[in-house]
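# sharing a model that was predicted from the sequence below.
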Amino acid sequence: MLKKVFGSAVFGVEATTITVEVNVDNGVGYHLVGLPDNAIKESNFRIAAALQNNGFKIPGKKIIINMSPADLRKEGSSYDLTLAIGILAATGQIHAEQLEEYLIMGELSLDGNLQPIKGSLPIAIKAQEEGYKGFILPMQNAKEAAIVSDLEVYGVENIKQVIDFFDKNEPIERTIINVQEEFYKNLDFPEFDFSDVKGQESIKRCMEIAAAGGHNIILIGPPGAGKTMLAKRLPSILPPMTMREALETTKIHSVAGRVKDNTGLMSQRPFRSPHHTISNVALVGGGSYPQPGEISLSHNGVLFLDELPEFKRDVLEVMRQPLEDREVTISRAKFTVTYPSSFMLVASMNPSPGGYFNDPNAPVTSSPAEMQRYLSKISGPLLDRIDIHIEVTPVPFEKLSDERKGEASIDIRKRVTFARERQTKRFEENQNVHYNAQMSSKQIRQYCILDDASKNLLKTAMERLNLSARAYDRILKVSRTIADLEGVEDLKGAHISEAIQYRSLDREGWLG
């Protein structure tokens, strides 16, 4: 007897439906074909134990299982449940008339319980697109898949529930979530708030500009000046994610298996802070079976690189292309996958190996040559792609001991959201541009028109600081954002001069 069961494989952030054909014939043997990896080849032992412990068995007949399309590589243990139900139906141990209406995925334990899988959201989206009635999967992933409307999602804890559902028509409780409620939950209660920051008003201003325009920023200062504290609070002033952004972000984290148990839609912007020992594959993504890296996991959020010069140079250099193109393409001999990576880069660094500026009163001092050598670990092309460079100085005791609270993140976010709304309206006809940092050279010429005084000011800065063409574009983008925060359309000299101030690493003698 031949039976078909349906599962799914995830490549990049998109799913492909897999047809599992189970044929039972006279003879002996268990043959699994269709390019399965070792985890799938070992599934017969898990399936045999799970069925035996629930009153069923793999009969001593010739069983041939084909995973179609046969030329597509299948990986992972999430096909256990698909194969097990197919074997039971093909051998007549259960009657499953509605089997072809459902997508079935799940990893089996030896006692028949189900373990969570990766990529349940893109699988659910694909199932809904192809007209399947429902999706049966482990309980831990049910809320994540239930984001998709017009698809019946059933979270199960063990294989017996699935068997009884098909064989005895015993109902399984359907998982239903209120997507709007999930989306707005905890939106106005950030874990880290700018009201906790004492002093540092100029740095807060920089962070506000960076958030308003989606600009990359680097913070330079001695230990204890508050660089990490400020960076962790940046997501709290970013505009709330749109529903489209929330779905994109949840899909990437679903593929990587990073969505927390019993969590549906991700409503908070991601904040990723990898350690400086990270490899380039872990940062960008890849591997034998490509997985998204840290820069894709920070899509629509913030990637924070603390102590930037401590990262290996080749690791930093692989970020240059994703920072420009806002996507990562990973190529292998037989396939290519693309992961989105539209993130805000926030980096911090000490100005010298010892950590302090060229201050004779500092506990550890470094010579100008040592400081320059330390800075040279970061390439010029990478620094060019960072819009805002700002020096962070230590907070004086008077401000540290001040009991008054600073401005709250929710108030700063209102101004940021206002500026972003102006940008959204400006770029509404451009599908791939949503905020100022994403502008192309053509759009910069269109939306950043300078008067004669502003042109002369920028020309002087370009000549004195020996700025590159890319740095020129960055200054105009930041100027456009400063004007948007003020609610004005025309760029003025004040906007240009403030943007020029935020190019610390381009100024000669910045080391003191």
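Cool, the structure landed.

# ok, Thr160 - contacts?
Quick fix: residue 160 is Lys, not Thr. For Lys160, the residues meeting the contact criterion (C-beta atoms under 8 Å, 6 or more residues apart in numbering) are Asn54, Gly112. C-beta coordinates here come from the backbone N, C-alpha and C atoms, glycine included.

# next up, phi/psi of it, please.
Here is the backbone geometry of Lys160 (degrees, to the nearest 10): phi -60, psi -40.

# longest strand of this structure, counting residues only.
strand 14-25 (DSSP state E).

# quick one: strands adjacent to that strand?
strand 2-11 (antiparallel), strand 62-68 (antiparallel) (DSSP bridges).

# can you tell which of those strands is closest to Glu421?
strand 2-11 (34.6 Å; C-beta to C-beta).

# which residues does that closest one contact?
15-24, 72, 74-75, 78-79, 82-83, 85-86, 89-90, 96, 99-100, 102-105, 118-119, 122-123, 126-127, 132, 255, 335, 337.

# out of those residues, which are buried?
15, 17-22, 24, 74-75, 78-79, 82-83, 85-86, 89-90, 96, 99, 102-105, 118-119, 122-123, 126-127, 132, 255, 337 (16 or more other C-beta atoms under 10 Å).

# among those, which are in helices?
Of the positions in the buried ones among the contacts of strand 2-11, Thr82, Leu83, Ile85, Gly86, Ala89, Ala90, Pro122, Ile123, Lys126, Ala127, Val255 sit in helices, assigned by DSSP state H.

# out of those, which one has the lowest pLDDT?
Ranked by pLDDT, those bottom out at Val255 (92).

# report the separation between that one and Ala212.
Between Val255 and Ala212 the distance is 30 Å, computed by C-beta to C-beta, to the nearest Å.

# do Thr338 as well
For Thr338 relative to Ala212 (C-beta to C-beta), the value is 28 Å.

# tell me where the stretch 351-500 of the chain has strands.
388-391 (DSSP state E, counting those that start in this stretch).

# got the phi and psi for the residue most central in space within the chain?
With distances taken as C-alpha atoms, centre = their mean, Leu297 lies nearest the centre of the chain, 2.4 Å away. Here is the backbone geometry of Leu297 (degrees, to the nearest 10): phi -70, psi -20.

# grab the nearest non-local neighbour of it.
Nearest non-adjacent residue to Leu297, counting by C-beta to C-beta, 6 or more residues apart in numbering: Arg272, 5.4 Å away.

# thinking that neighbour is in contact with Asn300, fair?
No - judged on C-beta atoms under 8 Å, Arg272 makes no contact with Asn300 at a distance of 11.4 Å.

# can you pull out the low-pLDDT segments for this structure?
182-190, 261-263, 355-366, 504-512 (pLDDT under 70).

# domains in it, by residue range?
2-177, 194-420 (automatic domain parsing).

# for Leu316, which non-adjacent residue is closest in space?
Leu382 (5.7 Å).

# give the contact list for that neighbour.
Residues in contact with Leu382, defined by C-beta under 8 Å, 6+ apart, are Leu316, Glu317, Met319, Arg320, Leu323.
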